[in-house]
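Chemist: What follows is a predicted protein model with its sequence.
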Amino acid sequence: ADPGALLQRLYKDMGGLGSTTEGRYDTAYSALSAILRNNVLPPKHEAATYRALKMIPGVTLVRKADAAGRPAIGLARVAEGWLHQEVLLDPETYTYLGERSIAIKDHRIDGLDLKATIRKGTLQLLEVRLEAGIVDKPGQRP
């Protein structure tokens, strides 16, 4: 439940994934986002995860975000200089709502199998959690 300890543990466990300072921050942001996305956490651990996200350099608070038509606040970070990523939270309960990523400038992809330009303003990702909970057996709904 200690956000500083959580972040330090992530940095330690990254190995070569965070070989540059910026890569380290991007990887930590992605890992904490995945923890929120893939788990239902006890409130004190969820809060520690949000606080750890906020401790990553470059993470800012977006007071008016959008989670597919639902009001949200976001913990946001610019990745790779062109992608604005947001972890979306309910503005009243701070419950995890999802994630969103938008291109903030044109970005050229020039790979072996793909050549394309992603235009500024293009939505790259929108994931919204509608419901989450703990159940007793597979197939049950919370």
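Modeler: Arrived safely.
Chemist: ranges for the helices of the protein?
Modeler: For the chain, helices defined by DSSP state H occupy the ranges 3-13, 21-38, 43-55.
Chemist: Now Asp2. Nearest residue, chain neighbours left out?
Modeler: For Asp2, ignoring the flanking residues on the chain, the nearest one in space by C-beta to C-beta, 6 or more residues apart in numbering is Ala48 at 6.4 Å. (Each C-beta comes from the backbone N, C-alpha and C, glycine too.)
Chemist: follow-up on the earlier one: looking at the helices of the chain, which is nearest to Glu80?
Modeler: For the helices of the chain, proximity to Glu80 was assessed by C-beta to C-beta; helix 21-38 is nearest, at 7.5 Å.
Chemist: Tell me the buried residues in the closest one?
Modeler: For helix 21-38, the buried set under the neighbour-count rule, 16 or more other C-beta atoms under 10 Å, comprises Arg24, Tyr25, Asp26, Thr27, Ala28, Tyr29, Ala31, Leu32, Ser33, Ile35, Leu36.
Chemist: now stretch 63-76
Modeler: Of the residues in stretch 63-76, Ala65, Asp66, Ala67, Ala72, Ile73, Gly74, Leu75, Ala76 count as buried by neighbour count, 16+ other C-beta under 10 Å.
Chemist: How far off centre is that stretch?
Modeler: Mean-position distance between stretch 63-76 and its chain equals 12 Å (C-alpha atoms, centre = their mean, to the nearest Å).
Chemist: and that stretch, C-alpha only, in CSV?
Modeler: This file holds the C-alpha atoms of stretch 63-76, laid out as CSV (Å, rounded to 0.1, in the frame of the first residue of the first chain):
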residue,chain,number,x,y,z
ARG,A,63,-9.4,17.3,-14.9
LYS,A,64,-11.9,16.9,-17.7
ALA,A,65,-11.3,13.6,-19.5
ASP,A,66,-13.9,11.4,-21.3
ALA,A,67,-14.5,7.7,-20.8
ALA,A,68,-16.7,6.9,-23.8
GLY,A,69,-19.3,9.6,-22.8
ARG,A,70,-18.8,9.3,-19.1
PRO,A,71,-17.1,12.1,-17.2
ALA,A,72,-13.6,11.2,-16.0
ILE,A,73,-10.4,12.5,-14.7
GLY,A,74,-7.1,11.2,-16.1
LEU,A,75,-3.6,10.5,-15.0
ALA,A,76,-1.8,11.2,-18.2
